[in-house]
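Colleague: Attaching a predicted model along with its sequence, questions to come.
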Amino acid sequence: MDEIIAENFAPNQWLSWPRSSLRVVDWNIDRGLRLSEIIDFLGESNADIFLLQEVDINAYRTQRVDVAQEIARKLRLNYVFGREFVELAQGSKASPAYHGQATLSRWKISNSQVIRFRQQSDFWKPRWFKPNLQAFQERLGGRIALISEISIQGLSIVTYNLHLESRSDDDLRVAQLNEVLRHAATQNSAHLIILAGDLNLNASIPRVSAAFARAGFRDAVPTARTATTPRRHLLEPGHHIDWAFVRGSAQPNAGKVLQSVKSSDHYPISFELRLSAADQKITSSDFMSLF
């Protein structure tokens, strides 16, 4: 279950002149059910890094497509995919279906690994009394954080692509989040860190915002007052559950919840990272060393 799939489709970037900022998009794409629309949006966003949750591979509901690979191939990106679940009702023993997170970039992605949270809900486990039907979503596995290092002309950015549990309470989600924050504390302090995803909680509540602050993270897309999921009906407004945080010298800017994008049951969120003078010096020196 901890297998990571990685493929490279991006052209060589060695001639790209370094910029003063990077653009990041985070999005729960609802399995990739509306894949052509998702690819159109991602392509038009012109982002450097994409963090996607709820990505299918070989699932019946998404026409057996390898969704991460299809996005990367069409947009000429590199990608890694971390397996969250085996979807028992979406595939077969001979041809299993998977569900998880994908991190994509036009730049080199390396050193990827998965944190499979110690505390998990047992909601998804197969039961003898539950029929093996798609409606019951029986699964093997558990929620994960997909960690990757993205190298942009000498600048290292570590990404944590999260999907916290939806079928439990905030105590479980906070426990899962704390695992990620403890891991992030072991990272090289010189690295920029992006932590983003579907947290399934409102990260503005005091115990969560305080945990991020103690770990040195800053909110990149303040969503406490902007729903990141559409309203389902009159009695259920949208929720504030998709978040992005950064740690390091770069400054987050232009954070947005893109509510005009209707291709999923979540809205994408995006932001820019303005590089510090030191970060820009790293990318510039790395570029000039090629000549």
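Modeller: Received, thanks. Numbers count the residues shown, from 1 in each chain.

Colleague: all contacts plus neighbour counts: C-alpha atoms, from now on.
Modeller: OK.

Colleague: ranges for the strands of the stretch 101-250 of the chain?
Modeller: 108-116, 139-141, 144-152, 155-163, 192-198, 218-219, 242-247 (DSSP state E, counting those that start in this stretch).

Colleague: any idea which of those scores lowest on pLDDT?
Modeller: Mean pLDDT is lowest for strand 139-141 out of the strands of the stretch 101-250 of the chain, coming in at a mean of 90.

Colleague: So what sits opposite E236 in the bridge?
Modeller: Counting by DSSP bridges, E236 forms beta bridges with H233.

Colleague: Report pLDDT for it.
Modeller: Per-residue pLDDT puts E236 at 73.

Colleague: same thing with the one 4 residues further on?
Modeller: For H240, the model assigns a pLDDT of 94.

Colleague: Next up, phi/psi of it, please.
Modeller: phi -110, psi 80 (degrees, to the nearest 10).

Colleague: For P230, see how far away it is.
Modeller: 10 Å (C-alpha to C-alpha, to the nearest Å).

Colleague: Name the residue in those two with the higher neighbour count.
Modeller: Between H240 and P230, counted using other C-alpha atoms under 10 Å, H240 has the larger neighbour count: 23 against 17.

Colleague: quick one on the thing from earlier: please render the strands of the stretch 101-250 of the chain as a markdown table that adds mean neighbour count to the earlier fields.
Modeller: Output for the strands of the stretch 101-250 of the chain, formatted as a markdown table (neighbours: other C-alpha atoms under 10 Å):
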| stretch | mean neighbour count |
| --- | --- |
| strand 108-116 | 19 |
| strand 139-141 | 19 |
| strand 144-152 | 24 |
| strand 155-163 | 24 |
| strand 192-198 | 25 |
| strand 218-219 | 20 |
| strand 242-247 | 26 |
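
Colleague: Can I get those strands in TSV including distance to I38?
Modeller: TSV is the format used below for those (distance: least, C-alpha to C-alpha, whole Å):
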stretch	distance to I38
strand 108-116	22
strand 139-141	25
strand 144-152	21
strand 155-163	18
strand 192-198	17
strand 218-219	25
strand 242-247	17
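
Colleague: Compare those strands and give me the one nearest R61.
Modeller: Nearest of those to R61, taken as C-alpha to C-alpha: strand 139-141 at 14.6 Å.

Colleague: which residues are in contact with that closest one?
Modeller: 1, 84-89, 124-126 (C-alpha atoms under 8 Å, 6 or more residues apart in numbering).

Colleague: and P126, what pLDDT?
Modeller: Note for P126: predicted pLDDT of 70.

Colleague: so for the top helix by length along the chain, what's the average pLDDT?
Modeller: Assignment by DSSP state H gives helix 170-184 as the longest helix of the chain. Average pLDDT, helix 170-184: 97.

Colleague: how about the CA coordinates for that helix, as PDB?
Modeller: This file holds the C-alpha atoms of helix 170-184, laid out as PDB (Å, rounded to 0.1, in the frame of the first residue of the first chain):
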ATOM      1  CA  ASP A 170     -11.700  16.500  14.800                       C
ATOM      2  CA  ASP A 171      -9.800  14.700  17.500                       C
ATOM      3  CA  LEU A 172      -8.700  12.100  14.900                       C
ATOM      4  CA  ARG A 173      -8.000  14.700  12.300                       C
ATOM      5  CA  VAL A 174      -5.900  16.700  14.700                       C
ATOM      6  CA  ALA A 175      -3.900  13.500  15.600                       C
ATOM      7  CA  GLN A 176      -3.200  12.900  12.000                       C
ATOM      8  CA  LEU A 177      -2.200  16.500  11.400                       C
ATOM      9  CA  ASN A 178       0.200  16.400  14.400                       C
ATOM     10  CA  GLU A 179       2.000  13.400  12.800                       C
ATOM     11  CA  VAL A 180       2.600  15.600   9.800                       C
ATOM     12  CA  LEU A 181       3.800  18.600  11.900                       C
ATOM     13  CA  ARG A 182       6.200  16.400  13.800                       C
ATOM     14  CA  HIS A 183       7.600  15.100  10.600                       C
ATOM     15  CA  ALA A 184       7.900  18.600   9.100                       C
END
